[in-house]
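Pasting the sequence and the predicted coordinates here, then a few questions.
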Amino acid sequence: MTLQVSIQHRFARFDLDIAFEAPRGVTVLFGPSGSGKTTLVNAVAGLLRPDAGRIVAGDWVLLDTAARRCVPPHRRRLGYVFQEGRLFPHLTVRQNLTYGRWFAPRGAAAPSLPHVVDLLGLGDLLDRRPGALSGGEKQRVAIGRALLAAPKLILADEPLAALDEARKAEILPYFERLRDEVSVPILYVSHSSAEVARLATTVVALRDGRVTAVGPPSQVLGDVAAMGVRGAASVLVARVVAHHADGLSELATEGGRLWLPQVADAPGSTLRVRIAAQDVILSRARPKGLSALNILGGTITEVRPGQGPGAMVTLAVGADRLTARLTRRSAQAMGLAPGQSCHAIIKTVAVAPEDVGTGTHTLGAA
């Protein structure tokens, strides 16, 4: 089920002109504050009627100004997940979940309550009230309530922004399961490039009311214009090979072995691994005698000098792309150019737990 959005709207000091099409999965709206993310979500939700536009989720036309069609908000069949769970405090988790069924049209193919409970790991929480839940648990209940309303589209407006790192780590795997197991498109707003790397099927990067980049995370995360210099990163596909007694996990990539602090996934599992461009060191020859365990081989595909003293160098590592941020002086001294073989060095401890996620669903390539 695809999501098609085309919106033009003029405010007193801000113009919005956004168009993109995304496949099934999680479409992440990424950009700085004031880039138009919330305005776009409000237009999709029907809280803002744009001057011109068309919004279609699958075969469900929410807005078509040319045809004078605008479905009112309460009939748009949207599931909305806010920064806070917004649960009814006097109802149990079970009652909060089943409340969503009141909004499912008669005959709609809504998931069953047992399926949603299993999908989101809510079995032990059903008889509790929201006051006894953690922030992550509340968000899981809010997601379940949205699913039981049989939505055509789910909107998630920075659903992890109000959570601490531990609660984010708790709930991210459930969003990954939604992406991989639920056919409903998800429009997800985030400021976090780590969330983008873990969750996105498609990334729509916004700035000043315009789309600066759109595509799979492997492509957009390495785009400095879209992500900013410090936000630029790569996403590698890796397979868990083994867990070792010293607390490290051994993963296989197309460029070589990758050693990370122990991951929870079993051998054979496929993971996404986000690697920040600033954490990559390059060497023309394979280095020896280093403390860094991760040395991946690849071929340079692009060298992009920046406006300042920096440069971005992209390597093809099998089907993946790995971006390194270094100085222009280093790039020139090494004589880096497309077509050259090169080795990327990555410290094991540079990859944080939140940078490792499950699944490769429509990860794409640069």
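The structure has been received and is ready for your questions. Numbers count the residues shown, from 1 in each chain.

Show me the contact partners of the one helix or strand G297 maps to.
Per DSSP states H and E, G297 falls inside strand 294-305. With CB atoms under 8 Å, 6 or more residues apart in numbering as the test, strand 294-305 has contacts from 224, 253, 255-259, 286-287, 311-318, 321-322, 328, 331, 336-348, 366. Where you see a C-beta, it was placed from the backbone N, CA and C, and this is true even at glycine.

Sort out for me which of those are in strands.
When DSSP state E defines the strands, the subset of the contacts of strand 294-305 inside them is 253, 256-259, 311-317, 321-322, 341-346.

From those residues, list just the buried residues.
Taking 16 or more other CB atoms under 10 Å as the criterion, what is buried in the ones in strands among the contacts of strand 294-305 is 253, 256, 258-259, 311-317, 321-322, 342-346.

From A324, how far out is M334?
Separation of M334 from A324 (CB to CB, to the nearest Å) stands at 11 Å.

Please name the bridge partners of V61.
Taking DSSP bridges as the rule, V61 bridges to V56.

any idea of the pLDDT on it?
pLDDT, V61: 93.

Touching, G85 and G136? I think so.
No. Taking contacts as CB atoms under 8 Å, G85 lies outside contact range of G136: 9.5 Å.

Let me see the contact set for I7.
With CB under 8 Å, 6+ apart, I7 has these contacts: 16-19, 40, 43, 50, 52-53, 55.

wait, I meant A108
By CB under 8 Å, 6+ apart, the neighbours of A108 are A150.

for S193, same thing?
Residues near S193 by CB under 8 Å, 6+ apart: 30, 221, 227, 231, 233, 274.

any idea which helix or strand carries R54?
Here R54 is assigned to strand 52-57, by DSSP H and E.

Go ahead and confirm I281 touches A344.
Yes. Judged on CB under 8 Å, I281 makes contact with A344 at a distance of 7.4 Å.

what sits in contact with each of these two?
Joint contacts of I281 and A344 (CB under 8 Å, 6+ apart) are A324.

now the strands for the stretch 101-250 of the chain?
When assigned using DSSP state E, counting those that start in this stretch, the strands of the stretch 101-250 of the chain occupy the ranges 153-157, 186-190, 202-207, 210-215, 233-243, 248-253.

Can you say which of those is nearest to G357?
Nearest to G357, of all those, is strand 233-243, at 9.0 Å by CB to CB.

Leaving aside the residues adjacent along the chain, what's closest to D223?
A213 (4.9 Å; CB to CB, 6 or more residues apart in numbering).

The residue lying closest to L315 once chain neighbours are set aside pairs with what?
Excluding the flanking residues, the one nearest L315 by CB to CB, 6+ apart is G298, at 3.5 Å. Beta-bridge partners of G298, counted by DSSP bridges, are C342.

Please parse this protein into its domains.
Domain segmentation of the chain under automatic domain parsing yields 3-220, 233-358.

Comparing the ones you listed by mean pLDDT, which bottoms out?
Across the domains of the chain, domain 3-220 gives the lowest mean pLDDT, at a mean of 90.

from the chain's centre, how far out does that domain sit?
How far domain 3-220 lies from its chain's middle: 12 Å, per CA atoms, centre = their mean, to the nearest Å.

And stretch 246-261, by the same measure?
Taking CA atoms, centre = their mean, one finds stretch 246-261 lying 23 Å from the centre of the chain it belongs to.

Kindly check the end-to-end length of it for me.
Start to finish, the residues bounding stretch 246-261 are 9 Å apart (CA to CA, to the nearest Å).
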